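> Predicted model and sequence follow; I will ask about them next.
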Amino acid sequence: MAENEGFLKFIVDHLEQFFSYTAFANITVGHIIMICVGLFFIFLAITKEYEPLLLVPIGFGILIGNIPFYPGLKVGIYEDGSVLNYLYFGVVQGIYPPLIFLGIGAMTDFSALLSNPKLILIGAAAQFGIFGAYIAALALGFAPNEAGAIGIIGGADGPTAIFLTSKLAPELLGAIAISAYSYMALVPVIQPPIMRLLTTPKERVIRMKPPRVVSKNEKILFPIIGLLLTCFIVPSGLPLLGMLFFGNLLKESGVTKRLADTAKGPLIDIVTILIGLTVGASTQATTFLTPKCIGIFALGAFSFMVATAAGVLFVKFLNLFLKPEDKINPLIGNSGVSAVPDSARLSQVIGLEYDKTNYLLMHAMGPNVAGVIGSAVAAGILLSFLY
């Protein structure tokens, strides 16, 4: 009898121990909330096709990061020695973002910008959202380094946001990265009301002159001159700008096609998977669901809207000084945020609503790629006096 009781106790104790290690025993309301957020991201990516290459890895990463576990098993992203922790090293140390920029450079055609250089001013104007959110974050009590990391969300550039946050406020990395990528994916939702509100029917049908043909020599010289000019002004932006212009030179030189194909294909795909999955997994409910993180989401939305409005309003201002035949359609002002190519594509979609024969895509790509450079320069400026 005593042996049977001892055996039953042994079984019960081990079952209790097993249960204590399951997710059911460690789950909290926060985990359930974050799992729902991850499922929502996957839903948007698959059904709405909002940035699926980003939202699917991030959404699934959120699921991985919010499966609760018994502490000390070395499976969590914040536990030293875990596989996820090793993969997350590339985010924390800012390794992945420059590799993303290398791929972006190899994919980007700067012809639209080179054919009409004043479009770079629109990309620069859109960066007002970054500094507007920086000032707002300071006013709300965030530390200067945290405010700088939050502000960069307005550039709608996930890799830049991750790079800057990893240097200035690594404890906010998950919230800022998720916020930046979320607003990049929601470009078709956030920007159109602002574009329509700030433009008149007459402005929406402005026809721009066809872009001139850009020579091969111009395309080759641009990444070299661009690197020297931007990095002499903002050396702290070198990791991002250097890789961006290097990738573009690989594309335009005509003699490194294999390297360019690798950079814009397998390399950027692998890094996108790793950065999306680990950023998503970093949103563990125990460290992510805080009032500060909610405030970051609100400031990120404010930053993104200010950037969009600044781009549109700057075009309207610039038009005051241009001849009628040189005027710019303000609907391309939204593309100054560097959500490439979605914000430029949106300029085209909205423009066609008012004139079925007015194609704005090639014009919008000018400020769009300028926004990539602008956000990296803005990150370098913030890094130079906040790091």
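In hand now; what should we look at?
> Please look at M208 and L360 and confirm they touch.
Yes: with contact defined as Cβ atoms under 8 Å, M208 reaches L360; the gap is 7.4 Å. No exception for glycine: its C-beta is placed from N, CA and C like everyone else's.
> got any residues that touch both of those two?
By Cβ atoms under 8 Å, 6 or more residues apart in numbering, M208 and L360 have these common neighbours: N329.
> pLDDT below threshold where in this structure?
1-7, 14 (pLDDT under 70).
> Ramachandran coordinates for the residue positioned nearest the centre of it?
Nearest to the geometric centre of the chain sits G158, at 1.9 Å (Cα atoms, centre = their mean). Reported as degrees, to the nearest 10, the phi and psi values for G158 are phi -60, psi -50.
> what separates it from A339, distance-wise?
Distance, G158 to A339, using Cβ to Cβ, to the nearest Å: 9 Å.
> joint contacts of the two?
M184.
> And for V205, nearest residue in space, chain neighbours not counted?
D355 (4.6 Å; Cβ to Cβ, 6 or more residues apart in numbering).
> so what's the one you found up against?
Contacts of D355 (Cβ under 8 Å, 6+ apart): R204, V205, R207.
> what packs against whichever strand or helix holds F302?
Per DSSP states H and E: F302 is located in helix 291-319. In terms of contacts (3 or more Cβ pairs under 8 Å, 6 or more residues apart in numbering; DSSP states H and E), helix 291-319 is packed against helix 120-125, helix 128-139, helix 144-151, helix 173-185, helix 187-197.
> I'd like the next helix or strand past it.
helix 342-354.
> circling back: scan the contacts of D355 and report the most crowded one.
Highest neighbour count within the contacts of D355: R204, with 19 neighbours (other Cβ atoms under 10 Å).
> surely that residue meets K316?
No: applying Cβ under 8 Å, one finds R204 not in contact with K316, separated by 11.6 Å.
> Overlap of the contact sets of those two?
P330.
> now M107, nearest residue through space, not along the chain?
K264 (4.3 Å).
> So that neighbour sits against F101, correct?
No: if you go by Cβ under 8 Å, K264 and F101 don't touch, sitting 11.5 Å apart.
> Could you tell me which residues touch both of the two?
G247.
> between the two, who's got more neighbours?
With neighbours defined as other Cβ under 10 Å, K264 and F101 compare such that F101 has more, 29 against 20.
> any idea how far V205 is from that one?
In this view, F101 and V205 are 36 Å apart by Cβ to Cβ.
> what's the answer for I294, then?
From I294 to V205 the distance is 41 Å (Cβ to Cβ).
> Tell me who's in contact with F128.
Applying Cβ under 8 Å, 6+ apart, the residues near F128 are V306, A307, A310.
> Check P201 too.
P201 neighbours (Cβ under 8 Å, 6+ apart): Y354.
> Run a quick neighbour tally on the closest residue to G276 other than its chain neighbours.
Nearest non-adjacent residue to G276, counting by Cβ to Cβ, 6+ apart: P57, 2.8 Å away. Close neighbours of P57, defined as other Cβ under 10 Å, add up to 24.
> Fine, thanks again, bye for now.
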